[in-house]
Structures are given as C-alpha cells and as structure tokens.
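Participant: below are the sequence and a predicted model; questions follow.
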Amino acid sequence: MLKHRVIPVILIDGYSVLKTIQFNQRRNLGNPITVANTYNTRSVDELVILDIDASKYNETIDLFTIESIANECFMPLTVGGGIRDLDTIQECLNAGADKVTLNTIALEDPDFITKAADRFGSQCIVVSIDIKDGQIYSHSGKETNISYHDYIKLVIEKGAGEIFINDVDNDGKMNGVNIQLINEVSSEITVPLIYTGGVGEPQHCIDAIQAGTDAIAAASIFHFTGHTPLDCKMEISKKNIPVRL
Amino acid sequence: MSDLVLVNANIGNIRSVSKALNYIGAKHLATSSITDIEKASKIILPGVGSFPAAMEQIRRNNLFDILKHKVIEQNVPIFGICVGMQIMFESGYESSINSEGCEGLGFLKGSVIEIPKTTKELRIPHVGWNEVNHNNLSLFNNIPDKSDFYFVHSYYANITDSDTKTATAFHGIEFPAAIEKENIFAAQFHPEKSQEYGLKLIENFVKC
C-alpha cells in the first residue's frame, strides 16, 4: 500500500539555503548542495527545493543547483521558484527534477496548468498555495478574490497533479501544524496533498497525517533541531501509519 | 560487445538514469542518433511526462523504425521506465486534447489507461513509495519481495497478453508495476529514484 511521505524542504534565495519565519525573517544556512547531501540517506522519501525569491525578481530556480543535487541524490526531486513557461519545466526535468511546483503563475494564469499537464502529465505538476490568515497569500502582493477552497478546486480541474499547501502563519514556528486547514483541504480534494508549516517535532507529522495529509513537508525541524526525517518516520510508524523505513 | 544505449529523446530525466548507471559502473551512451542506436546491444528508454508528448518526441527524432528494428527484429534487450514503459504498448489515452487515444510503439499488447477512482479517498495521481510484488521477475533478483519503489503516474498499462509477465502493485486496483516478456523489460516506477533497490534493479537489467 502507498506510504505517507516525509519530505524535507530546502529553500534557496538564488544560491544559498535559508529558512524563514512566517515568510519573513531569514536565516542563511549555506550551500544547497551540501544541505541536500545531508538528506542523501536511505530514509528520505523525496526532496523539495524552492527558490523563494525567483518569482519576485522574474527569474527561475537555478538549473545548475538542480543538476548538482540530482547528481548526488537518487531520490525524487520536486523543484520550484519562478517557473512560468513550458521550456523552463522541460529544463528542470532534464536537469533531474521529477516534478515542478507552480505558484505565482498558477494564480495569474490557471490555464497554464493545463498546458503544463498536457505536455508533461499531471503527475509532474504540483500547484503550491500559500495560505495566510485563511486567505491565499500571493508573492506579488496582488489581492486574490478567490477563496482557497475554490482555487484548489479550480487548479485540480485545470490539471494539477498534487497540491502543496504552505501555512504561512505557522511557517518556521515549529509549534504545530494547522490541523483544521489540513482536515478541510484533504476532505475536499482527490489529488495527493502535501502540507507544510509548523512541524517542530515528530508528533506534528503524526498530527498532520491523522488530519488527512498524504505527505508532510518540513524544513526548520531538520535545520534547527536534532530530529531527522528517519526519527519522524519511526514515530509515525509506531502509530501503525504506513510509512517507508 | 556491450553497447548500452540510453535513448535521449527529450522525454525527460536522462540525467538521473545516466547518473544511476554511472553509480553502478555501467558504461553507456546517451544518444538520439539512429546510427548509435543501431549499434546498441542493450537499450534503456526512460520517460517522464505524458504518453502523447513522448510519442511525438519519438517521431520527431525519427526513432520509431530503429527501435522497432532493434527490439522486434534483433531481439535486443530493452528496459523502459515510466512513460518509457507505457509507450511500449499499443496505445495510450492522455491529455485534454486527445481523448481519442494515441498510438504507441506496439511492442506489447495492451493499452495505457487512467487509474480508476475506486473510492472517494483514492488519490490520483499515484505518487509516492509503494510496495511491489515481484512474482519472480528476474528484474528483482536479490531484491526483497514487497520492497517499496517510487511511483508517480496517473495511468497504467492494461495488458491484453498473458505471455507478458508482471510484477504488481496496488493503488485502488492491482496494476503492473514492472513487466518482462522475452527481451522486453519495463518498470512503471522510477528505479533511478528508488535508491538502493532501484539501483539494484537497474543493475539486474544491465547484467542480464
């Protein structure tokens, strides 16, 4: 049977790894390839690499970074950051990524999701949604009039293969996950859900999975505490939740 | 002679497969050249994406005939991965613009169709690590039965030929996770992303 995934997230600002709190304060953590290597163990299910500044500066996630990480890690890679056209997606996949995340472009032009899914297959296309104060949070600062419920339905209709929900309010706090949000979203969707925001200890992963998420993604816990993805998975496994050890 | 050719038809993730082959010490040539493929004694056909897009790339690179010649006439061993497995079948149905179905390479009998949504909770696409029942396929030699491999797909091969041996996985339905028929091998999952056992599986093909 399909296992729940624990997914470390590596955030970069062009070339360095960093971590945010509530999408705000930043701490610089070094070289992405070095950081990715620390995850290169048997127990890591998947890796997500996101360039959180790319969109703002009209750039895209650096291909050399993806290539370098793909060279070392024989595990699934999802990459994102400023991706806005089909050629870029092709380049990311050629560089070693298995999936790409679309955030800003999906808000601006949901039909792009369909174009991408037609060419690359839905399974390659993850739509990433940042939620703050119960509303969609857009990097470009534009007001979005659509509720996240309706937006999620829309992107799935358009061909999104997975939904990646990022709870901005809990980002970096390591104080627990947004159980209510996970409950709501997971009961409304038919594609896999990856949730991130607030994981500070293995119990939070369990909370998130029991609330309905298929996969739990996290960064701070792995950067700043002694917990590893394997620790989290062992705790999850003790609750008889299917997970790969 | 052991010319292992990795078909590079711009259908994604050549790099990952190439790195996996390097890791296990398998010399290979990544190419889309007909002349190179003609010399192959073994072929790997990776693929990420959609069935119609992959077939379009095969045609664009003029590879249909040479692959058919090598696989069907010369019986050269071939290993297809993910979409590379799917296009080996007769047809595939995919994308919002092509509900009529798209012709595949036709090396294997059957068609590629959507994983059915058998329950409300079933997540499609099938994404993540899932266990595979080996059913004695040689691809899985020295790999523990029911090991997990990484899947990322919405479609599966509906095989209409009982001579095609299958290893299976379950997601709503039981479906072929890997196949073997004479010189034709393939995996629906991504062995190059499935760490230790995935690399072992690739090695099993390379050494076969």
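Facilitator: Good, I have the coordinates. Keep in mind that what you see is a predicted model, and the values were worked out from it rather than measured.
Participant: low pLDDT regions in chain A?
Facilitator: Applying pLDDT under 70 to chain A picks out residues A:42, A:140-143.
Participant: ok, which stretches of it are helices?
Facilitator: Applying DSSP state H to chain A gives helices spanning A:32-38, A:63-72, A:86-95, A:104-108, A:111-120, A:148-158, A:179-188, A:202-211, A:220-224, A:229-238.
Participant: what residues does the longest one touch?
Facilitator: Okay, so that is helix A:148-158. A:106-107, A:110-111, A:113-114, A:117, A:127, A:129, A:131, A:134-136, A:144, A:146, A:163, A:184-185, A:188-191 (C-beta atoms under 8 Å, 6 or more residues apart in numbering or on different chains). To be clear about C-beta, it is placed using only N, CA and C from the backbone, and glycine gets the same treatment.
Participant: look at B:Lys68 and give its secondary structure.
Facilitator: helix (DSSP: H, G, I helix; E, B strand; the rest coil).
Participant: in the longest helix anywhere in chain B, what counts as buried?
Facilitator: Ordering each helix of chain B by length in residues (DSSP H) puts helix B:195-206 first. Within helix B:195-206, the residues scored as buried using 16 or more other C-beta atoms under 10 Å in any protein chain shown are B:195, B:197-206.
Participant: next one: stretch B:63-81
Facilitator: Within stretch B:63-81, the residues scored as buried using 16+ other C-beta under 10 Å are B:63, B:66-67, B:70-71, B:76-81.
Participant: that stretch near chain A at all?
Facilitator: No. Judged by C-beta under 8 Å from any C-beta of the partner chain, stretch B:63-81 makes no contact with chain A; its nearest approach is 11.7 Å.
Participant: restricted to strands, list the buried residues of stretch B:63-81.
Facilitator: Mapping these onto strands (DSSP state E) picks out B:78-81.
Participant: go through those and name the one nearest B:Ile87.
Facilitator: Using C-beta to C-beta, the shortest approach to B:Ile87 within these belongs to B:Gly80, at 7.2 Å.
Participant: residues contacting that closest one?
Facilitator: By C-beta under 8 Å, 6+ apart, the contact set of B:Gly80 is B:44-47, B:86-88, B:184-187.
Participant: hmm, back to that, need the helices of chain A in TSV (columns: distance to A:Asp13).
Facilitator: Converted to TSV, the helices of chain A look like this (distance: least, C-beta to C-beta, whole Å):
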stretch	distance to A:Asp13
helix A:32-38	10
helix A:63-72	11
helix A:86-95	18
helix A:104-108	16
helix A:111-120	24
helix A:148-158	26
helix A:179-188	26
helix A:202-211	26
helix A:220-224	15
helix A:229-238	23
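Participant: adding mean neighbour count, write those helices out as JSON lines.
Facilitator: JSON lines is the format used below for the helices of chain A (neighbours: other C-beta atoms under 10 Å in any protein chain shown):
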{"stretch": "helix A:32-38", "mean neighbour count": "18"}
{"stretch": "helix A:63-72", "mean neighbour count": "19"}
{"stretch": "helix A:86-95", "mean neighbour count": "20"}
{"stretch": "helix A:104-108", "mean neighbour count": "19"}
{"stretch": "helix A:111-120", "mean neighbour count": "20"}
{"stretch": "helix A:148-158", "mean neighbour count": "17"}
{"stretch": "helix A:179-188", "mean neighbour count": "17"}
{"stretch": "helix A:202-211", "mean neighbour count": "22"}
{"stretch": "helix A:220-224", "mean neighbour count": "20"}
{"stretch": "helix A:229-238", "mean neighbour count": "19"}
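Participant: tell me the spacing between A:Gly198 and A:Val243.
Facilitator: Distance from A:Gly198 to A:Val243, counting by C-beta to C-beta, to the nearest Å: 19 Å.
Participant: how about stretch B:178-191: buried residues?
Facilitator: B:178-181, B:183-191.
Participant: nearest to chain A, of those?
Facilitator: Of all the buried residues of stretch B:178-191, B:His190 has the smallest distance to chain A: 7.1 Å, by C-beta to the nearest C-beta.
Participant: from B:Phe151, how far out is that closest one?
Facilitator: From B:His190 over to B:Phe151 the distance is 8 Å, taken as C-beta to C-beta.
Participant: what strands line up against the longest strand seen in chain B, and which way round?
Facilitator: Ranked by number of residues, the top strand in chain B under DSSP E is strand B:173-181. According to DSSP bridges, strand B:173-181 has the following sheet partners: strand B:165-171 (antiparallel), strand B:184-187 (antiparallel).
Participant: state the mean pLDDT of it.
Facilitator: Mean pLDDT, strand B:173-181: 97.
Participant: contacts for it, please.
Facilitator: By C-beta under 8 Å, 6+ apart, strand B:173-181 touches B:85, B:108, B:115-116, B:118, B:130, B:132-133, B:137-140, B:149, B:151, B:156-157, B:159, B:161, B:163-169, B:185-189.
Participant: and those residues, which are buried?
Facilitator: Buried by 16+ other C-beta under 10 Å: B:85, B:108, B:115, B:130, B:132-133, B:137, B:139-140, B:149, B:151, B:156-157, B:159, B:164-169, B:185-189, out of these.
Participant: how much space between the residue of chain B positioned farthest from its centre and A:Gly200?
Facilitator: For chain B, the largest distance from the centre (C-alpha atoms, centre = their mean) belongs to B:Lys120, which lies 28.8 Å off. Distance, B:Lys120 to A:Gly200, using C-beta to C-beta: 32 Å.
Participant: now do A:Glu184
Facilitator: From A:Glu184 to A:Gly200 the distance is 22 Å (C-beta to C-beta).
Participant: which of the residues in stretch B:30-40 are buried?
Facilitator: Within stretch B:30-40, the residues that qualify as buried are B:30-32, B:36-37, B:40, counting by 16+ other C-beta under 10 Å.
Participant: now swap in stretch B:120-127 and tell me
Facilitator: Within stretch B:120-127, the residues scored as buried using 16+ other C-beta under 10 Å are B:123-127.
Participant: among those, which pair sits farthest apart?
Facilitator: Among the buried residues of stretch B:120-127, B:Ile124 and B:Val127 lie farthest apart (C-beta to C-beta), at 9.1 Å.
Participant: just the buried residues of stretch B:120-127: which are in strands?
Facilitator: Checking the buried residues of stretch B:120-127 against DSSP E, those in strands are B:126-127.
Participant: make a markdown table out of the buried residues of stretch B:120-127 and add distance to chain A.
Facilitator: Output for these, formatted as a markdown table (distance: C-beta to the nearest C-beta, whole Å):
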| residue | distance to chain A |
| --- | --- |
| B:Arg123 | 4 |
| B:Ile124 | 6 |
| B:Pro125 | 4 |
| B:His126 | 7 |
| B:Val127 | 5 |
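Participant: picking up where we left off before, out of the buried residues of helix B:195-206, which is nearest to A:Lys238?
Facilitator: Relative to A:Lys238, and with distances defined as C-beta to C-beta, the nearest of these is B:Gln195, at 22.8 Å.
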